[in-house]
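Enquirer: got a predicted model here, sequence first, then my questions.
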Amino acid sequence: MAETTSPTPGPSASAPASDAPVTGPAIRVRLLDQQGGKAANDPPPVPGVTVSVADDSGSELGSAVTNDQGVAAVAIPGKGTYEVSIDESTLPSGVKLTGKKTLTVKVNLASGQNVAFPLNGKVVEATPFAERLVDSIVSGVKYGLIIALAAMGLSLIFGTTGLTNFSHGELITFGAISAYVLNVTFGLPLILAGLLTIGIGGLFGWGQDRVLWRPLRSRGTGIIAMMIVSIGLGLLLRNLFQFFFGAGTRSYNEYTSQRARDFGLFDLSDKEIAIMGIAIVAIVVTTTIMSRTRLGKAMRAVSDNPALSASSGMRVDGVISSVWTMGAALSALAGVLLGVNSQVNFMMGYQLLLMVFAATVLGGLGTVWGAVIGSLVIGVITEVGPLLGVPSSIKEVGALIVLILILLIRPQGILGRAERIG
């Protein structure tokens, strides 16, 4: 924590780790009257002062009034650059600011850490650009690994069925909510809840195929019609999630607040290390199954030529059911990790779906490793964008622009195969 003192007596502000009812990512401001304290280490709090927070584009995210301890908390979406403003008209009589009433604060810390800053608008010990760049890249890799799990599932399903599944985001949400119910409602440890969720998610995908997609395929339903069905299914599931889970944002019972470990140029908390490690293990296991097992070879055969696979005696419907099971299980795991990394809400999968589609197309449709590489590219560009001046509220735009540029040069994607038409 950067320790600061005002050059002249007056209020100071800092962001403590707690003392506020807001849960999840938030900027917590504590106002202390350094002039009113009897000792330098005992300044009294300043209650009743309005504090507002805006993103780097100037859009206000919310405001709060300091309580009896001088603390106000305003929820924020996550890491990024924010402006913290104090309404001078709400300051008590005789108390005034010694500097600017608006501060620019870069939030790049693990939940539970403290940050202190002076009220003259100058952040003490500003983080060097190189360190912020490396930290953003690491955050992008973490984000990309979560996307990769969902993108691998989407790519597997597309490769074997040709279906662009617009309800794939709900498989992510289903995993996050299932883990929440097991962890919070039934009191299971989150690790056990996560393991059970992988199986539940796989069963959910298998059930979808048996009840919905296989009958549609057997009736000769076209891909466009099935794609429209997936849009309707996604809408139905989102409304069901909202009805049963609610529209609010919730956290798991464990791993909600951890201090970051200093790795030199970047910081990572234990849960962030675990998220990246689990995602990497899942990716390695999936690619090993695809390349070294009979099931994986069958999946690739069906993907290359379903008709030839069927004529050679292969149970194509059984292989496709296995693909749906594996794809849904990977997406459920992505939902759990995303919920641990941030929070759980009924729209989280839908909000991530565009990035999943972008990663799958960028890497090459139907290729597992392409989905992984595309996800890492999308994740890094998304997180580095705000550092290069892209507003945090539209940071995904940079990744989509890169997607368009790469597809103009290589339409089949990074690892996709070019197809001859005509």
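Expert: That came in fine, so what should we check first? Numbers count the residues shown, from 1 in each chain.

Enquirer: in the stretch 151-300 of the chain, which spans are strands?
Expert: Secondary structure of the stretch 151-300 of the chain by DSSP state E, counting those that start in this stretch: the strands cover 260-262, 267-269.

Enquirer: compare those strands and say which comes out lowest on pLDDT.
Expert: For the strands of the stretch 151-300 of the chain, the weakest mean pLDDT is recorded on strand 260-262, namely a mean of 77.

Enquirer: can I get the CA coordinates of stretch 272-287 in PDB?
Expert: Extracted in PDB, the C-alpha atoms of stretch 272-287 (Å, rounded to 0.1, in the frame of the first residue of the first chain):
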ATOM      1  CA  GLU A 272      -6.100 -16.800 -10.200                       C
ATOM      2  CA  ILE A 273      -3.200 -19.200 -10.300                       C
ATOM      3  CA  ALA A 274      -5.600 -22.100  -9.700                       C
ATOM      4  CA  ILE A 275      -8.000 -20.900 -12.400                       C
ATOM      5  CA  MET A 276      -5.100 -20.800 -15.000                       C
ATOM      6  CA  GLY A 277      -3.800 -24.200 -13.800                       C
ATOM      7  CA  ILE A 278      -7.100 -25.900 -14.000                       C
ATOM      8  CA  ALA A 279      -7.900 -24.500 -17.400                       C
ATOM      9  CA  ILE A 280      -4.500 -25.600 -18.800                       C
ATOM     10  CA  VAL A 281      -5.000 -29.100 -17.400                       C
ATOM     11  CA  ALA A 282      -8.500 -29.300 -18.900                       C
ATOM     12  CA  ILE A 283      -7.100 -28.200 -22.300                       C
ATOM     13  CA  VAL A 284      -4.300 -30.700 -22.200                       C
ATOM     14  CA  VAL A 285      -6.600 -33.500 -21.300                       C
ATOM     15  CA  THR A 286      -9.100 -32.600 -24.000                       C
ATOM     16  CA  THR A 287      -6.500 -32.400 -26.700                       C
END
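
Enquirer: and the strands of the stretch 151-300 of the chain, which is most packed in?
Expert: Of all the strands of the stretch 151-300 of the chain, strand 267-269 has the most neighbours on average by mean count of other CB atoms under 10 Å, namely a mean of 20. Any C-beta I mention is one placed from the backbone N, CA and C, and that applies to glycine too.

Enquirer: ok, that one: who's next to it in the sheet?
Expert: On the basis of DSSP bridges, the sheet neighbours of strand 267-269 come out as strand 260-262 (antiparallel).

Enquirer: so how far is residue 148 from the residue minimising distance to the centre of the chain?
Expert: By CA atoms, centre = their mean, the chain has its centre lying nearest to residue 338, at 5.2 Å. Residue 338 is 12 Å from residue 148, where distance means CB to CB, to the nearest Å.

Enquirer: got it, and residue 370?
Expert: Counting by CB to CB, the gap from residue 370 to residue 148 is 10 Å.

Enquirer: of these two, give the one with the bigger neighbour count.
Expert: For residue 370 against residue 148, the residue with the higher neighbour count under other CB atoms under 10 Å is residue 148, and the figures read 33 against 25.

Enquirer: next up, identify which helix or strand that one is on.
Expert: Secondary structure from DSSP states H and E places residue 148 in helix 129-161.

Enquirer: residues of that helix that come out buried?
Expert: Buried positions in helix 129-161, judged by neighbour count with 16 or more other CB atoms under 10 Å: 132, 135-161.

Enquirer: off-centre distance for the helix or strand that contains residue 31?
Expert: Under the assignment given by DSSP H and E, the secondary-structure element containing residue 31 is strand 26-33. On the basis of CA atoms, centre = their mean, to the nearest Å, strand 26-33 sits 27 Å off its chain's mean C-alpha point.

Enquirer: after it, which helix or strand is next?
Expert: strand 50-55.

Enquirer: contact partners of that following strand?
Expert: Outside of strand 50-55, the residues that reach it under the criterion CB atoms under 8 Å, 6 or more residues apart in numbering are 27, 29, 31, 60-66, 72, 74, 76-77, 80-87, 90, 391-393.

Enquirer: show me which of those residues are buried.
Expert: Among those, those that count as buried by neighbour count (16+ other CB under 10 Å) are 27, 29, 31, 61, 64, 66, 72, 74, 76, 80-86, 391-393.
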